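>>> Just the structure for this:
(one chain, ligands or ions: 2)
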Amino acid sequence: MHSGITITMIIMEVIVNSTTLIIKIKRKSIKMIIAVASGKGGTGKTTVALNLALSLASACLVDCDVEEPNINVFLKAPLYTQETVTVDTPEVDTTKCDYCGKCAAFCMYNALAVVPQKVLVFPELCHSCGGCALVCPRQAITWKKRIIGTIEYGTRGTVELYQGLLNIGEAQAIPLLKALKKKIDPTKHIIIDAPPGTACPVIEAVRGADYTLLVTEPTPFGLHDLKLMVAVLRHQHLPFGVIINRDGIGNDAVEQYCNTENIPVHLKIPHSEEIARLYSQGIVFVEQMEPWQSKFHTMYQTVQQEVTASSS
Ligand code: SF4
Ligand code: SF4
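Ligands and ions are numbered 1, 2, ... in the order given. You can find the predicted model right below:
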């Protein structure tokens with residue numbers, strides 16, 4: 001009798017716990033990782049990321065534009081260096097090396113060259129794949145750490161910021177982006193400001209995001225770059241929608257394209273003197289133009305519904 005009650009209670013407990021767990025998982029899924037990207041720089045990508053972050057009750061911005069991070073020009077959070085990011089670079093032990101050239105022949109990035117009595121290493125070209133050490137018959141290759149950049153962190157009010165800063169002249173952005181994305185806490189509203197362009201750093205920045213907002217302008221250049229980004233995201237099977245910035249300056253070709261391609265246009269930000277004035281003063285416009293807070297917030301909710309519907 002007792003054990004029967006106990007079993008029932010245990011089952012109920014399990015059911016209650018399961019229900020709680022499901023609710024918790026659902027609650028967590030409400031927080032999204034949103035990437036903000038554009039085919040080229042200067043379309044208002046950072047503006048959108050900032051305005052969205054400041055329209056939510058709390059958010060964590062991740063500035064992945066590591067060659068030129070500029071979110072903090074507007075956020076103005078006190079930052080401190082949280083992490084120095086390094087990569088492994090080969091070093092040749094000349095007491096073991098016989099200059100056979102196998103390492104240089106293997107390296108597809110031309111980061112090694114063997115000349116008489118010397119192995120030249122070009123660290124900026126090295127992708128730290130480790131292959132040269134594997135093919136070296138004399139175990140002459142060891143590794144040293146090379147600093148490629150830093151990760152800075154700061155907060156302003158309820159907004160957090162992680163900012164990647166690639167060293168000047170450094171070509172390897174991907175390891176820094178990977179380190180930066182490890183900082184992401186998926187229980188928070190995450191907004192990633194992706195680098196401009198359509199190359200590998202952008203793909204790394206948007207990878208793992210629940211949704212990407214593509215910021216574009218209603219101009220032929222804007223449409224051209226939008227099409228490139230759409231191709232990239234479709235290839236990666238990542239969901240996305242569009243925000244048209246400086247609406248009113250060009251024509252409606254971007255909107256027509258989005259309609260034809262069944263791409264949602266979530267927001268149109270007008271070409272406005274007031275927005276331009278606030279921008280020039282380093283002010284995020286939702287801070288002075290309150291109705292826009294609810295517009296960004298509503299857009300976030302729409303995206304949430306889209307993400308939830310597609311995952312259920
Ligand atoms: S493969 Fe090894 S031994 Fe041959 S050149 Fe390279 S480092 Fe030297
Ligand atoms: S680690 Fe890879 S990329 Fe770097 S030098 Fe060796 S083979 Fe080339």
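>>> Who are the contact partners of Val303?
Neighbour list for Val303: Met32, Ile34, Tyr211, Leu213, Gly241, His266 [criterion: CB atoms under 8 Å, 6 or more residues apart in numbering]. Heads up, the C-betas are built off the backbone N, CA and C, glycines and all.
>>> So which of those residues sit within strands?
Residues of the contacts of Val303 located in strands (DSSP state E): Ile34, Tyr211, Leu213, Gly241, His266.
>>> which parts of the stretch 101-250 of the chain sit against ligand 1?
When proximity is defined as CB under 6 Å from any ligand atom, the stretch 101-250 of the chain approaches ligand 1 at Gly101, Lys102, Cys103, Val114, Val119, Cys136, Arg138, Ala140, Ile141.
>>> As a markdown table, those with distance to Met289 and secondary structure would be great.
Formatted as a markdown table, these follow (distance: CB to CB, whole Å; DSSP: H, G, I helix; E, B strand; the rest coil):
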| residue | distance to Met289 | secondary structure |
| --- | --- | --- |
| Gly101 | 64 | coil |
| Lys102 | 63 | helix |
| Cys103 | 59 | helix |
| Val114 | 62 | strand |
| Val119 | 60 | strand |
| Cys136 | 61 | coil |
| Arg138 | 67 | coil |
| Ala140 | 63 | coil |
| Ile141 | 58 | strand |
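>>> ranges for the helices of the chain?
Remark: helices assigned in the chain by DSSP state H are 2-30, 45-55, 71-75, 102-106, 131-135, 174-181, 200-206, 220-235, 253-261, 273-280, 291-311.
>>> Close to ligand 2: what parts of this structure are there?
Contact residues, the chain versus ligand 2 (CB under 6 Å from any ligand atom): 90, 106-107, 109, 111-112, 126-132.
>>> quick one on the thing from earlier: comparing the helices of the chain by mean pLDDT, which bottoms out?
Here the lowest mean pLDDT among those goes to helix 2-30, at a mean of 37.
>>> domains of this structure?
Domain assignment of the chain by automatic domain parsing yields the ranges 32-86+148-307, 87-145.
>>> Check these for me and report the most buried one.
Among these, domain 32-86+148-307 has the highest mean neighbour count (mean count of other CB atoms under 10 Å), at a mean of 19.
>>> Now intersect the residues of the chain next to ligand 2 with the strands, please.
Those of the residues of the chain next to ligand 2 mapping onto strands are Pro90, Leu112, per DSSP E.
>>> List the residues that contact the residue nearest the centre of the chain.
Centroid check for the chain by CA atoms, centre = their mean gives Ala205 as the closest residue, at 3.0 Å. Contact partners of Ala205, counting by CB under 8 Å, 6+ apart, are Ala35, Ala37, Cys64, Leu177, Lys181, Ile192, Ala194, Pro195.
>>> do the same with His127
Counting by CB under 8 Å, 6+ apart, His127 has contacts Tyr109, Ala111, Gln172.
>>> Any chance of CSV for these, columns distance to Leu54 and pLDDT?
Shown next, in CSV, are the contacts of His127 (distance: CB to CB, whole Å; pLDDT from 0 to 100):
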residue, distance to Leu54, pLDDT
Tyr109, 41, 94
Ala111, 43, 96
Gln172, 32, 85
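>>> related to what we said a few turns ago, from the contacts of Val303, which shows the smallest pLDDT?
Sorting the contacts of Val303 by confidence puts Met32 at the bottom, with a pLDDT of 90.
>>> pull the CA atoms of stretch 63-71 into CSV?
Presented in CSV, the C-alpha positions along stretch 63-71 are these (Å, rounded to 0.1, in the frame of the first residue of the first chain):
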residue,chain,number,x,y,z
ASP,A,63,30.6,42.7,-31.9
CYS,A,64,32.0,40.3,-34.5
ASP,A,65,33.2,43.1,-36.8
VAL,A,66,36.7,42.3,-35.3
GLU,A,67,38.7,44.4,-37.8
GLU,A,68,36.7,47.5,-37.0
PRO,A,69,34.4,47.1,-34.0
ASN,A,70,32.3,50.2,-33.5
ILE,A,71,29.3,49.2,-31.4
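>>> Quickly list what Lys145 is bridged to.
Here Lys145 sits in beta bridges with Asp88, as judged by DSSP bridges.
>>> now do the one 10 residues further on
Taking DSSP bridges, one finds Glu160 as the beta-bridge partners of Thr155.
>>> pLDDT score for it?
94.
>>> I'd assumed Leu161 was in contact with it.
Yes: at 7.1 Å, Thr155 counts as touching Leu161 under the criterion of CB atoms under 8 Å.
>>> Mind listing the shared neighbours of those two?
Residues touching both Thr155 and Leu161 (CB under 8 Å, 6+ apart): Ala77.
>>> Distance of Gln236 relative to Val265?
Computed as CB to CB, to the nearest Å, the Gln236 to Val265 distance reads 21 Å.
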